[in-house]
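>>> output the structure for:
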Amino acid sequence: MAADREAVPDLTALAADFERTLLGGERKFTRIEVSERAGISIARAERMWHALGFATVPDDEIAFTDDDVEALRLVAALEDDGFIQPEVESSLARKLGQTQSRLASWQSAMFLEFLGGSKLAADEAIEVAGLLLPAMERLQTYVWRRHLAAAAGRSVAGSSEMARGVRAVGFADIVSYTRMTRRLTDSELGQLIERFEGTAADVVALNGGRVIKSIGDEVLFVADTAAQGAAIALALQDAMSAAEDLPELRIGLAYGTILIRLGDVYGEVVNLAARLTTECKPGRVLADRELAAALDGHPDYDLHRLRRVSVRGYRHLSPYAVQRADPH
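Just a heads-up that it's a prediction; the model follows:
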C-alpha cells in the first residue's frame, strides 16, 4: 500500500536545486578560497562583497561558486585595464548592488504571487524557475543595452551645456503620503505606489526626461532643457489629475549644473528642487530663478514670481509658479 502512495517531494533537495539554478552552480569555496582563486586580497574581496549589499560570511563557510570567482576576476581585470579607478570600485559595486537588490525583490515577489495563483507543486515550481531565469536575463541585458545606447548617444551628441552637466531637475512628491500610510492596507499602498511610479515613468520618458530614482512617495527626474523639465512637470500634474484614484502631487523644478555620478545626481540644483517641493501647493509646479530665466519668453509657458520664502539652507528663495501659456 505504501508503494501506491504518491511520492512526497524532498523539499530540502528541491531547495538545493533551486539555489543551484539561481547561483549557476554548486557552492564550493570559502571566502578565503574565492579571493585566492580570483587573485585578489581577502580585504578587497570582502570590501566588494559588502558594497554589493551582502553580509559577512564566516571564514569556514562554503558559500561561493565558480561564478563568484569569475566576477571578482572580472572586476580586477577592469581595474587593471584602467576602466575602473580604484577609488570608485566600491561605489560602482554599491550602485550595482542597490539597483539589482530592488529588482530582485520585485521579481521574487512577482514569482511568489504567480506560484500562489498557479498552485504548482514544489518540483514544478523549480522547473518553471529554471525556464524563466534565462528569459529574464536576456530581457534585462536587452533593456540595459538600450539604455546604455541612449545614454551614450546623449553624451556624444550633447551640447557644451549638456557636457558640463547642466540639467533641469524635478522632484514630484505625493501629497499627504504619511496620512495615507495609516489609512491604507499594505496591499492598497503597494498598488498606489505602483500606479504612481508607473505613471511618472511613462510621463517622464514620453517628454524626453529620465527618472533617476523613486523613493516611495517621491520621484526624482532630470531633463536636458528647462522646457523639457516644465513639460514633464505639467504633464505629471495632468496625468495625476486625470486619474481619480491617484493623489495630488507637489513638484519642484530647478535648473543648472549638477554632478552626475554612477547614475545619481547631486549638487545645489538638486537641493533647490527638493526645497521647492516642500513649499509647493498641491497640484502646482514651482521653479527656481534659473529655470524661470531659461523659460523667459518661451511661448508655451507662463511664470509668475511669488514672494520669497526661507527654507533650510536658503534664507531668500525666490519661487516661480509654472503654468502653460494661455493660447488666446
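
>>> drop to CA atoms for contacts and neighbour counts, all remaining ones
Will do.

>>> can you give me the helices for this protein?
All helices of the chain, identified by DSSP state H, fall at 11-23, 31-38, 42-51, 66-80, 89-118, 122-157, 160-163, 177-183, 186-206, 226-242, 268-279, 289-294.

>>> mind putting the ones you listed into CSV with distance to I215 and mean neighbour count?
Formatted as CSV, these follow (distance: least, Cα to Cα, whole Å; neighbours: other Cα atoms under 10 Å):
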stretch, distance to I215, mean neighbour count
helix 11-23, 28, 14
helix 31-38, 34, 19
helix 42-51, 20, 17
helix 66-80, 29, 16
helix 89-118, 11, 14
helix 122-157, 21, 13
helix 160-163, 26, 13
helix 177-183, 12, 12
helix 186-206, 9, 16
helix 226-242, 17, 21
helix 268-279, 13, 22
helix 289-294, 24, 19
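
>>> can you tell me which of these is nearest to G252?
helix 268-279 (4.2 Å; Cα to Cα).

>>> which helices and strands sit right next to that closest one?
Contacts defined by 3 or more Cα pairs under 8 Å, 6 or more residues apart in numbering; DSSP states H and E place helix 268-279 against strand 166-174, strand 249-257, strand 285-287.

>>> for the protein, name the helix or strand with the lowest mean pLDDT.
Sorted by mean pLDDT, DSSP states H and E, the helices and strands of the chain end with helix 160-163, the least confident at a mean of 40.

>>> which of the helices of the chain comes out lowest on mean pLDDT?
Mean pLDDT is lowest for helix 160-163 out of the helices of the chain, coming in at a mean of 40.

>>> and the helices and strands packed on helix 268-279, which is most packed in?
Most buried of the helices and strands packed on helix 268-279, by mean neighbour count (mean count of other Cα atoms under 10 Å): strand 285-287, with a mean of 31.

>>> who does it pair up with?
strand 249-257 (parallel), strand 320-324 (antiparallel) (DSSP bridges).

>>> want to throw the ones you listed into TSV with mean pLDDT and distance to N271?
Shown next, in TSV, are the strands paired with strand 285-287 (pLDDT from 0 to 100; distance: least, Cα to Cα, whole Å):
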stretch	mean pLDDT	distance to N271
strand 249-257	95	9
strand 320-324	94	16
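
>>> with distance to Y314 added, can I get the ones you listed in TSV?
As requested, the strands paired with strand 285-287 are exported to TSV (distance: least, Cα to Cα, whole Å):
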stretch	distance to Y314
strand 249-257	14
strand 320-324	15
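
>>> sorry, back to before: switch the helices of the chain over to JSON lines; also include distance to D302.
Putting the helices of the chain into JSON lines (distance: least, Cα to Cα, whole Å) gives the following:
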{"stretch": "helix 11-23", "distance to D302": "54"}
{"stretch": "helix 31-38", "distance to D302": "60"}
{"stretch": "helix 42-51", "distance to D302": "46"}
{"stretch": "helix 66-80", "distance to D302": "50"}
{"stretch": "helix 89-118", "distance to D302": "38"}
{"stretch": "helix 122-157", "distance to D302": "28"}
{"stretch": "helix 160-163", "distance to D302": "24"}
{"stretch": "helix 177-183", "distance to D302": "29"}
{"stretch": "helix 186-206", "distance to D302": "21"}
{"stretch": "helix 226-242", "distance to D302": "10"}
{"stretch": "helix 268-279", "distance to D302": "18"}
{"stretch": "helix 289-294", "distance to D302": "9"}
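
>>> the ones you listed: which one's closest to I251?
Closest to I251 of the helices of the chain is helix 268-279 (Cα to Cα; 5.2 Å).

>>> give me the contacts around that closest one.
Contacts with helix 268-279, where a contact means Cα atoms under 8 Å, 6 or more residues apart in numbering, come from 169-173, 250-258, 286-288, 311-312, 319.

>>> ok, now with 7 Å
169-171, 250-258, 286, 311 (Cα atoms under 7 Å, 6 or more residues apart in numbering).

>>> again, but for stretch 310-321
Residues outside stretch 310-321 that contact it (Cα under 7 Å, 6+ apart): 275, 285-289, 292, 303-309.

>>> could those go into TSV alongside distance to V75?
Putting the contacts of stretch 310-321 into TSV (distance: Cα to Cα, whole Å) gives the following:
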residue	distance to V75
R275	39
V285	44
L286	44
A287	42
D288	42
R289	44
A292	44
L303	49
H304	52
R305	51
L306	51
R307	53
R308	50
V309	48
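
>>> ok, M240 - contacts?
L246, P247, E248 are the contacts of M240 under Cα under 7 Å, 6+ apart.

>>> please report how far it lies from G263.
27 Å (Cα to Cα, to the nearest Å).

>>> cool, and V203?
Relative to G263, and taking Cα to Cα, V203 is found at 20 Å.

>>> what of A273?
18 Å.

>>> does V285 really touch I251, like I thought?
Yes - assessed by Cα atoms under 7 Å, V285 is found in contact with I251 at 4.9 Å.

>>> what do these two both touch?
A233.

>>> so what's the spatially most central residue of the chain closest to, chain neighbours aside?
Centrality entry for the chain: nearest residue to the mean C-alpha point is K213, 4.4 Å, by Cα atoms, centre = their mean. Once flanking residues are discounted, K213 sits nearest to L220: 5.5 Å by Cα to Cα, 6 or more residues apart in numbering.
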